[in-house]
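Enquirer: I'd like to go over a predicted model; first the sequence, then the structure.
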Amino acid sequence: MRHPRRTVLAALLPFCLVPAAHAELAGAGLAAELDPVVVTATRQATALSELMADVTVIDAQQIQQLGQGTITDLLARQPGIQTASYGGQGAATSFFVRGTNSNQLKVLVDGIAINSVDPSGSPLRYLNLADVERIEILRGPAATLYGADALGGVIQVFTRQGQAGFAADAHAGFGSQGTRKAGANLSGGDARWQWRLGGSHQSTDGISAQPQASNRDADDDSYRNNSLSAGLTFRPDAQTQYGASVRHSRGLAEYDSGEFSADGDYNNRQAFQNEQWQLHARHQINPRWTSTVQLGGARDWQKDWSFNAWGYPPAEVVGAITTRNRELSWQNDLQLGNWGSAVLGVEADQQRVGPASGYLHEPELQNHSLLAGWGGKHGALQWQLSARSDDHQQYGRHNTGAINLGWALGAGWRVHAGYGSAFKAPGVDQLYVDNPAWSLSGNPDLAPETARNRELGLRWNSARQSLAVTWYLNRVDNLIEWVSDPVTWAGTYRNVSAARLEGVTAQWRANFGNFSPSLSYDWLDAYNLDSGFALGRRARHKGSARLDWEHERLQLGAEVLAVGRRWDYSNQTGNLPGYGLINLTAAYRLRPDLQLQARLDNVLDREYQTAGGFATVGRSAFVNLRWSLR
């Protein structure tokens, strides 16, 4: 794509043409919720139109339209997020929210953190979407609400829940690269008990991450993922709820060695198992006070088979690593009448790594925290204040805070401004890894990364349209980077630099009768303050446009994604060219309980890269049959 900036600017042009509220079209419209209830932004259920935060909600319909893609494909299309993948499905992936590093993003599943020391990127890439009801994306530092690691933002995944009355659904589909998907869900119960049980399978023959390779790397890299989930809820009365849920997924992802292997026939691969479980008890003590206690955990196990061509003698390398997270929280939601609402909470988190080769012992980090938030409005003024105190096992006490103020301008317009601080504690791998065979060494003297974020926002909501524009400026200090000797390659982690992240995110969605259009645009200026160089694999411009149409049984959709050029240290030219993708979707309801879905991605079969030297999927198609009984 020779002119990515022109494409992005063209996608932005309709923002200047948003019709006034009195000119909106009538009609039922496509089932697109323009003002959903959001939990992640304040830890309390709040309508999107009332928030003073940069948030995107991905609903169940958008997830179903994804076809053969993964959560990586879904998130790559969202405002404020860019990704870099080392190949096709299951490949190592980095997620950059507002330009921050991948390990500066906190990922939650039903409130439980799944962040791990995964050396190949976030375990988020293994999450099976068949069990997901919706995803909420909170952009910007959120340490006051979610503690360390939420320096760039929070992605929270909400899984499907049981319901009263029997319901069942199933899906099966196939597509390009030998992709196969199938799954089924059952749920039922009455007013007191609700249960759910689900399972799914996803596999693909994949693509070669390095198609120009001459050894085993030239073959396709397959991927498979099987998952099971279950949940149970008990409501003895209208004020009380108890619940339990568990999810387990396992699979295998092949990957390329980068032609470093001396054995051209060796097959590099990674087996994985991911688990999450949760117990909760919620009680409305009185009309103004609701108390929730939650206990949960996550386990990320990975085992790699690779070949060390630099060893003496060269040999197969087999390594396994397990990350275990545990969390206990007590949250109190208080309704203050004319003074708004407040949240008070206590949390205890633990992360343990091991057994794992490359560590001197099984390291463990603990963090205990207190949090408080207060939000409300009076006349045209709106406020949201929050504060948190973390007592980290390695770094002692860290205090963070945030303030957001908004002002209603009338006719659905509102402006807001905010400031917030955050910190990111070094990971277990950065502190304690010790692997002389690969010249890896941790640094227990690392200081936490810290951030100070400022932002201004403008929001407009009406019955059929929503518009949000946010400018932000985030400075991150004590950035942790790997520093190695150019001769011996031996090195360790050090606090060596600072980063300045400035940008604008704009989103527009509407519902005009049978048509539902949406647009988004991102401008990002992310660079290292010490070196003056741009941060790698982050495009300065990114834009997307989507149009959905529905009439009786038929639904049609088209989307365009345009990403500008990026600097990439692994590319010989230093820059990755921009690219544009066109994707098409269609769904036809054969009968009330049966729907046929189809998707065609990368219609023009563009060749592009999100990480230098690693291929992405070309033109691909997927057909799916979905059955539901309600």
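Expert: All right, it came through fine.
Enquirer: Tell me the bridge partners for the residue nearest the centre of the chain.
Expert: Nearest to the geometric centre of the chain sits residue 155, at 4.4 Å (C-alpha atoms, centre = their mean). On the basis of DSSP bridges, residue 155 is bridged to residue 107, residue 137.
Enquirer: Now for it: which residues touch it?
Expert: 75, 95, 97, 105-108, 124, 135-138 (C-beta atoms under 8 Å, 6 or more residues apart in numbering). Glycine gets a C-beta too; all of them are placed from N, C-alpha and C.
Enquirer: cool, and residue 424?
Expert: With contact taken as C-beta under 8 Å, 6+ apart, residue 424 is in contact with 103-104, 148-149, 151, 448-451.
Enquirer: now the residues you listed in CSV, with pLDDT and secondary structure?
Expert: Listed next are the contacts of residue 424 as CSV, based on pLDDT from 0 to 100; DSSP: H, G, I helix; E, B strand; the rest coil:
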residue, pLDDT, secondary structure
103, 87, helix
104, 90, helix
148, 80, coil
149, 82, coil
151, 90, coil
448, 91, coil
449, 92, strand
450, 93, strand
451, 94, strand
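Enquirer: wait, which of the residues you listed is closest to residue 615?
Expert: Set against residue 615, the nearest of these by C-beta to C-beta is residue 103 (24.8 Å).
Enquirer: what's the neighbour count on that closest one?
Expert: The number of residues packed near residue 103 is 24, by other C-beta atoms under 10 Å.
Enquirer: number of nearby residues for the closest residue to it other than its chain neighbours?
Expert: Spatial nearest neighbour of residue 103, excluding adjacent residues (C-beta to C-beta, 6 or more residues apart in numbering): residue 427 at 6.4 Å. Neighbour count for residue 427, taken as other C-beta under 10 Å: 25.
Enquirer: just residue 285 next, same as before
Expert: 11.
Enquirer: For the strand or helix carrying it, which strands pair with it and how are they oriented?
Expert: Taking DSSP states H and E as the definition, one finds residue 285 inside strand 269-286. Its sheet considered, strand 269-286 pairs with strand 240-254 (antiparallel), strand 289-308 (antiparallel) by DSSP bridges.
Enquirer: Could you list the buried residues of it?
Expert: Using 16 or more other C-beta atoms under 10 Å as the test for burial, strand 269-286 gives 269-270, 272, 274-278, 280, 282, 284.
Enquirer: Contacts only, for residue 131.
Expert: Taking C-beta under 8 Å, 6+ apart, we find residue 131 in contact with 159-160, 185, 198, 200, 227, 229, 247.
Enquirer: List only those of the residues you listed flagged as buried.
Expert: Among the contacts of residue 131, those classed as buried by 16+ other C-beta under 10 Å are 159-160, 185, 198, 200, 227, 229, 247.
Enquirer: which among those gets closest to residue 335?
Expert: Distance to residue 335, by C-beta to C-beta, is smallest for residue 159 among those, at 27.5 Å.
Enquirer: pLDDT wise, what is the closest residue to that closest one other than its chain neighbours at?
Expert: For residue 159, ignoring the flanking residues on the chain, the nearest one in space by C-beta to C-beta, 6+ apart is residue 131 at 5.1 Å. Residue 131 is assigned a predicted lDDT (pLDDT) of 86.
Enquirer: how near is residue 131 to residue 272?
Expert: 16 Å (C-beta to C-beta, to the nearest Å).
Enquirer: now do residue 401
Expert: Applying C-beta to C-beta to residue 401 and residue 272 gives a distance of 38 Å.
Enquirer: now the strands for the stretch 101-250 of the chain?
Expert: With strands called from DSSP state E, counting those that start in this stretch, the stretch 101-250 of the chain shows them at 105-109, 112-113, 132-139, 153-159, 167-175, 179-189, 193-204, 223-237, 240-254.
Enquirer: can you check the stretch 401-550 of the chain too?
Expert: With strands called from DSSP E, counting those that start in this stretch, the stretch 401-550 of the chain shows them at 413-424, 434-435, 440-441, 449-461, 465-484, 491-510, 515-528, 541-551.
Enquirer: Tell me what residue 518 is bridged to.
Expert: Beta-bridge pairing for residue 518 (DSSP bridges): residue 509, residue 546.
Enquirer: List the backbone torsions phi and psi for the residue nearest to residue 103.
Expert: Main-chain torsions, residue 427, degrees, to the nearest 10: phi -80, psi 170.
Enquirer: Just give the nearest non-adjacent residue to residue 160, would you?
Expert: Spatially, and ignoring its direct neighbours in sequence, residue 160 is nearest to residue 133 (4.7 Å; C-beta to C-beta, 6+ apart).
Enquirer: right, and that neighbour touches residue 162 too?
Expert: No: Residue 133 is not in contact with residue 162 according to C-beta atoms under 8 Å; the separation is 11.6 Å.
Enquirer: which stretches of the stretch 351-500 of the chain have low pLDDT?
Expert: The stretch 351-500 of the chain contains residues with pLDDT under 70 at 355-362, 434-441, 484-490.
Enquirer: Neighbours of residue 97, how many?
Expert: 27.
Enquirer: and it, how far is that from residue 412?
Expert: Here residue 97 is placed at a distance of 28 Å from residue 412 (C-beta to C-beta).
Enquirer: Give me the distance between the two termini of stretch 481-498.
Expert: 10 Å (C-alpha to C-alpha, to the nearest Å).
Enquirer: give me every residue that touches residue 38.
Expert: Neighbour list for residue 38: 45-48, 51, 55, 57, 136 [criterion: C-beta under 8 Å, 6+ apart].
Enquirer: Buried among those? Need that as a selection in ChimeraX.
Expert: The buried residues among these can be selected in ChimeraX (16+ other C-beta under 10 Å) with this line:
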select :46,48,51,55,57,136
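Enquirer: Of the contacts of residue 38, which belong to strands?
Expert: Members of the contacts of residue 38 lying in strands (criterion: DSSP state E): 46-47, 55, 57, 136.
Enquirer: hmm, back to that, Serialize the strands of the stretch 401-550 of the chain to JSON lines and add fields for distance to residue 234.
Expert: Formatted as JSON lines, those follow (distance: least, C-beta to C-beta, whole Å):
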{"stretch": "strand 413-424", "distance to residue 234": "37"}
{"stretch": "strand 434-435", "distance to residue 234": "47"}
{"stretch": "strand 440-441", "distance to residue 234": "48"}
{"stretch": "strand 449-461", "distance to residue 234": "37"}
{"stretch": "strand 465-484", "distance to residue 234": "37"}
{"stretch": "strand 491-510", "distance to residue 234": "37"}
{"stretch": "strand 515-528", "distance to residue 234": "38"}
{"stretch": "strand 541-551", "distance to residue 234": "38"}
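Enquirer: Out of the contacts of residue 131, which comes closest to residue 568?
Expert: Set against residue 568, the nearest of the contacts of residue 131 by C-beta to C-beta is residue 227 (33.0 Å).
Enquirer: so that closest one makes contact with residue 128?
Expert: Yes: the pair residue 227 / residue 128 is scored as a contact, 4.3 Å apart, by C-beta under 8 Å.
Enquirer: between these two, what contacts are shared?
Expert: Residues touching both residue 227 and residue 128 (C-beta under 8 Å, 6+ apart): 200, 249.
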